[in-house]
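**Q** this one's structure only:
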Ligand SMILES: Cc1ncc(COP(=O)(O)O)c(C=O)c1O
């Protein structure tokens, strides 16, 4: 099937673009010996897990279901081909009723607090698992997105230095590694700054560990990301403390590797004048920011749209909105060289990450089709959803 024949709305993921990202990550692993895992929370299109797992060292999960998906779709199928993948998990608090299954699926279990370590640590150790503790280096390196800052005051994420100092010998004896996750779409200068805080606050404990996990938020595959600086951060922990370094990016694995194809349902005019003259047009699409790209509203951010400009940059400017009841279900103001036509297809970019994993059926909105574009340009529908998907969740 050709791209233009795909039904809309449709998430289209491009295998070649995923491979391009994986090559960059593979380079980092080869040059440094660090192990990189896929954070499934960002991208769980498991059709591509065999590819991802054949390059990366495994996956990490936020809870039992992602852990099971990683085990069933990446670890086990690749094991049959003689490829070994690791399956990690971190959750702020585990449910007692999930824990036996978590032990079944995961080999690395990271706890968020000394209480959680006390509650589950011995069981995990007895089951032969690698045990980690998430630390909070209390080092905020990002501005403007408090919701994505695990180091913000009052954070529930990770053990702070003052709490760590109260660890008993018995509990510290259970630990194989430390984990931190503090970054969001950042470059390696922020990692370097974070490592200063980690060393200052937790350096004395690092000597007793086997590994350290730098978490996610490293925008390694973005143009201009400072990879040599990342590699020197990795070597610093290896050389000084003899640690195995893990990274668990989500975004970097599927950054700029997917599209959301949508169709114009209706066009009209708003009551707003444009600065350069003329009226702001309105176009209602068959995709919804609230349902299909929730980060556009949550982050918030402006998704790139092919063949478009900023408001007023091209001749015709439209406010693009979804077909739900939510007044704020707006994808943004975009301008075009021509007047938009009913039925016309628009292609949003960078729609592989935090899109299909976060979507919902508010207003009874259908979920977008999930499709894969192969390297020869051929497209294939991987998943299609209907009324039953909507009904089954209610
Ligand atoms: C513990 C942990 N690891 C990894 C990630 C992946 O982050 P990103 O997709 O920004 O690389 C996250 C994201 O929230 C996280 O909380």
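**A** Structure's in. What do you need? Computed from a predicted model, the values in this text were never measured in an experiment.

**Q** and the gap between residue 111 and residue 183?
**A** Separation of residue 111 from residue 183 (C-beta to C-beta, to the nearest Å) stands at 21 Å. In this view, the C-beta of every residue, glycine as well, is placed from N, C-alpha and C.

**Q** and residue 223, by the same measure?
**A** In terms of C-beta to C-beta, residue 223 sits 18 Å off from residue 183.

**Q** of these two, who's got more company?
**A** When neighbours are counted by other C-beta atoms under 10 Å, residue 223 and residue 183 differ, and residue 183 comes out ahead with 25 against 7.

**Q** now that one: closest residue in space, sequence neighbours ignored.
**A** Among residues not flanking residue 183 along the chain, residue 217 sits closest, at 2.9 Å (C-beta to C-beta, 6 or more residues apart in numbering).

**Q** for the stretch 251-394 of the chain, which segments are assigned as helices?
**A** Using DSSP state H, counting those that start in this stretch, the helices of the stretch 251-394 of the chain run over residues 251-254, 289-292, 295-298, 387-392.

**Q** the one helix or strand in the chain whose mean pLDDT sits lowest: how far from the chain's middle?
**A** For the chain, using mean pLDDT, DSSP states H and E, the weakest element among its helices and strands is helix 295-298, scoring a mean of 94. Counting by C-alpha atoms, centre = their mean, to the nearest Å, helix 295-298 is centred 14 Å from the centre of its parent chain.

**Q** which of the residues in it are buried?
**A** 296-297 (16 or more other C-beta atoms under 10 Å).

**Q** for the ligand, which of the helices of the stretch 251-394 of the chain is the nearest?
**A** Closest to the ligand of the helices of the stretch 251-394 of the chain is helix 251-254 (C-beta to the nearest ligand atom; 3.9 Å).

**Q** any residues touching that closest one, and which ones?
**A** For helix 251-254, contacts defined as C-beta atoms under 8 Å, 6 or more residues apart in numbering pick out 13, 18, 21-22, 24-25, 38-39, 42-43, 45, 52, 56, 185, 216-222, 352-354.

**Q** which ones among those residues map onto helices?
**A** In helices, judged by DSSP state H, the following of the contacts of helix 251-254 are found: 18, 21-22, 24-25, 52.

**Q** tally of neighbours for residue 337?
**A** Residues within reach of residue 337, counting by other C-beta under 10 Å, total 10.

**Q** spit out the contact partners of the closest residue to it other than its chain neighbours.
**A** Nearest residue to residue 337 in three dimensions, chain neighbours excluded: residue 314, at 5.2 Å (C-beta to C-beta, 6+ apart). Residue 314 makes contact with 308, 335-337, according to C-beta under 8 Å, 6+ apart.

**Q** will you turn the residues you listed into JSON lines that also has pLDDT and distance to the ligand?
**A** Shown next, in JSON lines, are the contacts of residue 314 (pLDDT from 0 to 100; distance: C-beta to the nearest ligand atom, whole Å):
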{"residue": "308", "pLDDT": "98", "distance to the ligand": "26"}
{"residue": "335", "pLDDT": "98", "distance to the ligand": "30"}
{"residue": "336", "pLDDT": "98", "distance to the ligand": "31"}
{"residue": "337", "pLDDT": "98", "distance to the ligand": "35"}
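
**Q** what subset of these is buried?
**A** Buried by 16+ other C-beta under 10 Å: 308, 335-336, out of those.

**Q** part of a strand, is residue 110?
**A** Yes - judged by DSSP: H, G, I helix; E, B strand; the rest coil, residue 110 forms part of a strand.

**Q** beta partners of it?
**A** residue 90, residue 132 (DSSP bridges).

**Q** do you know the pLDDT at the residue of the chain positioned farthest from its centre?
**A** Most distant from the centre of the chain: residue 277, at 40.5 Å, with distances by C-alpha atoms, centre = their mean. With respect to pLDDT, residue 277 scores 89.

**Q** how close does it sit to residue 294?
**A** In this view, residue 277 and residue 294 are 34 Å apart by C-beta to C-beta.

**Q** cool, residue 112 as well?
**A** In this view, residue 112 and residue 294 are 24 Å apart by C-beta to C-beta.

**Q** likewise residue 200?
**A** Between residue 200 and residue 294 the computed distance is 37 Å (C-beta to C-beta).

**Q** of the two, who's got more company?
**A** Between residue 200 and residue 294, counting by other C-beta under 10 Å, residue 294 is the more crowded of the two (19 against 11).

**Q** any idea how far the nearest residue to the more buried one once chain neighbours are set aside lies from residue 170?
**A** With sequence-adjacent residues excluded and distances taken as C-beta to C-beta, 6+ apart, residue 294 is closest to residue 358, at 4.9 Å. From residue 358 over to residue 170 the distance is 40 Å, taken as C-beta to C-beta.

**Q** how about the residues of the stretch 151-300 of the chain near the ligand?
**A** For the stretch 151-300 of the chain, the contact set with the ligand under C-beta under 6 Å from any ligand atom comprises 181, 184, 215-217, 248-252.

**Q** got a winner among these for most neighbours?
**A** Of these, residue 248 is surrounded by the most neighbours, 31 neighbours in total, counting by other C-beta under 10 Å.

**Q** contacting residues for that one?
**A** Residues in contact with residue 248 (C-beta under 8 Å, 6+ apart) are 36-39, 60, 88, 181, 213-216.
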